[in-house]
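Chemist: how would this look folded up:
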Amino acid sequence: MSAGPSFDITTHYEMYLPTEGTLVDVVATVRSTGGTVGETGSGAPAPHLAEVILLDCSGSMGSPTSKLIQARRAAIAAIEALPDGVRFAVVAGTHSAEMIYPGSVRLMVASDTSRAAAKEALRRTSAGGGTAMSHWLRLAARLFEEAPGSVRHAILLTDGRNESELVSELDAALAECAGRYTVDCRAIAERPGVHAWRGTELIRIADALGANPVVPVEDLDRLSAEFTQLITAALGQRTADVRLRVRTSALASVRFVKQVYPTIADLAELAQPVDAQTIDYPIGAWGEGHRDYHVGLAVQPMAANETRRVAWLSLLVPVADEPPAAAATGTADEPGRSAEVGQTAIAVEWTEDIARYTGINPTVAHYTRQQELAVAIRTAWEAFDERRLADAESLMGRAVSLAYAAGAHDKLAVFGRVVEIEDAGSGRVRLRSDVDPGHWQVPTVTGHHTRSWGTAGPTGVSILNSQDAAGNSSDVVPRQANAAQHDVDPVPAPLLDECPECQTRRRGRFCERCRYDFQASRAG
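Modeler: As a prediction, the model looks like this:
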């Protein structure tokens with residue numbers, strides 16, 4: 001038996017709107033604390049975890065052979081970290097999906113015997129074939145059907161693109177698997193600094209299956225320790241299938257819900273409507289820790305001095321006072337009995353007081369900037385991939401200026417893989433002459449990594465390498481000649497300009513109604 005963690009929600013937003021105001025942006029910090037690891041009679045951890053290792057065994061994993069050798073070692077390290085009682089399986093992923101261990105499609109219970117057999121089976125694996133990840137994901141979902149109510153976690157290791165199937169096939173698999181288990185994606189380099197996998201593909205997989213950061217692997221010697229750490233983290237998750245509930249009043253509707261820490265992930269496709277005013281969003285399995293979510297609401301305008309509760313946020317947490325199997329009354333994708341906890345109301349007041357409604361909540365501003373940065377780097381990669389090089393360079397300049405203003409020098413180092421940074425503050429960059437698609441993948445995925453609001457230091461970039469984030473020995477970042485310090489806010493102080501597009505008074509940099517960009521128009 002296990003005592004799960006306790007949960008709470010803290011909200012950050014500006015409660016005042018102008019009388020014509022219709023948009024409310026809320027950052028909700030979901031935090032879990034406490035919880036004890038249950039034990040079996042032997043003193044080992046209770047078997048609350050089901051683990052599946054999805055190991056890329058396509059032909060590219062054999063070139064060079066060190067990739068598959070280190071991948072096998074990492075999988076063996078993960079198996080060695082599994083305590084007795086945990087159910088597990090290992091899958092070989094190619095243009096199909098085949099069981100490495102056990103030989104049939106089922107989960108095995110970890111013991112000295114099963115761990116030894118799994119390690120021996122891994123040592124016999126070889127590389128060959130293509131890459132069709134939909135088969136890998138569906139086989140994992142089939143295996144996890146044996147573990148309803150448990151924490152269901154997969155590690156997906158790959159070095160290549162999803163080249164052996166249509167995009168629609170992967171999309172269909174993600175729609176089937178979403179919310180049924182969580183995954184940690186690790187992506188191996190083809191050679192130092194160059195990656196053959198597609199960051200956008202892995203981000204889509206991660207977003208649908210738990211919204212964990214995609215981590216590039218450039219130092220294979222660190223892979224075994226990384227797999228061990230992933231197992232340790234999964235064992236620390238004591239509560240499966242948590243959902244974020246957003247309930248709105250008749251005055252409001254949901255514009256979007258996104259995770260914004262530890263990585264940016266749009267949760268729209270995970271939405272589970274409950275009724276006309278209530279939507280649930282699966283947010284995976286939890287141990288101790290916190291994540292931040294950006295909830296965008298649309299509200300009806302009201303007269304001055306009117307105050308209304310427009311929405312309520314809460315969490316649905318599976319009942320934790322029973323063993324997992326007893327708490328689950330349905331299948332893995334049909335949540336069992338849950339308690340609604342942490343409910344907090346979102347109240348807004350409409351006002352004609354300029355000093356009140358022109359404020360920008362610092363937490364919302366922090367994550368808005370990081371989302372803008374992620375969009376800039378992703379669209380820059382898309383432009384490069386389509387050979388729109390001028391657009392790619394311009395968008396990278398935007399990403400660089402945002403990273404510089406946020407003090408994200410680790411991201412600047414990564415961006416330096418694809419552009420030469422001449423003036424970080426103003427975003428003056430030049431595409432490197434030798435850049436190819438393989439250089440873009442690390443900037444693309446790490447552009448989605450974020451730093452929690454109020455946390456000092458780097459911006460959460462995670463890369464497994466033995467050097468700096470850029471893959472070289474220098475940490476020199478070009479700076480604007482006369483720039484202020486790195487805490488410069490790229491969102492200017494709010495003014496009361498009238499939008500030239502729709503004549504709405506603005507609250508900040510962007511028009512609240514049509515999203516006209518005042519700063520960009522002035523720069524032009």
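
Chemist: And this structure, what are its domain boundaries?
Modeler: Following automatic domain parsing, the chain resolves into domains at 6-36+240-357, 49-235, 362-491.

Chemist: Please enumerate the helices of the stretch 201-350 of the chain.
Modeler: 223-235, 324-327 (DSSP state H, counting those that start in this stretch).

Chemist: ugh, wrong one, the chain
Modeler: 65-80, 112-123, 133-144, 167-177, 199-208, 223-235, 324-327, 354-357, 362-385, 389-405, 409-415, 437-446, 518-523 (DSSP state H).

Chemist: So for Val242, which of those helices sits nearest?
Modeler: helix 324-327 (12.9 Å; C-beta to C-beta). In this view, the C-beta of every residue, glycine as well, is placed from N, C-alpha and C.

Chemist: average pLDDT across that closest one?
Modeler: On average, the pLDDT along helix 324-327 is 39.

Chemist: got it, and stretch 218-232?
Modeler: Per-residue scores along stretch 218-232 average to 96.

Chemist: From what I see, Ala74 and Arg222 are in contact.
Modeler: No - at 9.3 Å, Ala74 does not count as touching Arg222 under the criterion of C-beta atoms under 8 Å.

Chemist: more neighbours, these two?
Modeler: Ala74 (26 against 16; other C-beta atoms under 10 Å).

Chemist: State the distance from that one to Ala250.
Modeler: 53 Å (C-beta to C-beta, to the nearest Å).

Chemist: which residues of the stretch 51-200 of the chain score low on pLDDT?
Modeler: Judged by pLDDT under 70, the stretch 51-200 of the chain has no weakly predicted residues.

Chemist: Check whether Lys67 really touches Gly160, as I assumed.
Modeler: No - using C-beta under 8 Å, Lys67 makes no contact with Gly160, being 10.2 Å away.

Chemist: Now for these two: what residues contact both?
Modeler: Common contact partners of Lys67 and Gly160 (C-beta atoms under 8 Å, 6 or more residues apart in numbering): Ser60, Met61.

Chemist: What is the burial count for Met15?
Modeler: 18.

Chemist: same check, this time on Arg417
Modeler: 20.

Chemist: Same question for Arg124.
Modeler: 9.

Chemist: Could you check how far it is from Val105?
Modeler: 19 Å.

Chemist: which residues touch the closest residue to Ala345 other than its chain neighbours?
Modeler: Among residues not flanking Ala345 along the chain, Arg309 sits closest, at 4.8 Å (C-beta to C-beta, 6 or more residues apart in numbering). By C-beta under 8 Å, 6+ apart, Arg309 lies in contact with Ser249, Ala345, Ile346, Ala347.

Chemist: Could you do His195 as well?
Modeler: Ala187, Ile188, Ala189, Pro216, Gly438, Gln441, Val442.

Chemist: Dihedrals phi and psi, it?
Modeler: Main-chain torsions, His195, degrees, to the nearest 10: phi -130, psi 140.

Chemist: quick one: the closest residue to it other than its chain neighbours from Ser253, how far?
Modeler: Nearest residue to His195, sequence neighbours excluded (C-beta to C-beta, 6+ apart): Gln441, at 4.1 Å. Per C-beta to C-beta, Gln441 is found 36 Å from Ser253.

Chemist: Which one's more surrounded, the two?
Modeler: More crowded of Gln441 and Ser253, by other C-beta under 10 Å: Gln441, with 26 against 17.

Chemist: Go ahead and confirm Gly438 touches Glu190.
Modeler: Yes - Gly438 is within contact range of Glu190, at 6.3 Å (criterion: C-beta under 8 Å).

Chemist: which residues are in contact with both of those two?
Modeler: In contact with both Gly438 and Glu190: Ala196, using C-beta under 8 Å, 6+ apart.

Chemist: who touches the closest residue to His153 other than its chain neighbours in this structure?
Modeler: In this structure, His153 finds its nearest non-sequential neighbour in Ala234, 4.3 Å apart by C-beta to C-beta, 6+ apart. Shown in contact with Ala234 (C-beta under 8 Å, 6+ apart): Leu49, Glu51, Val151, His153, Ala285.
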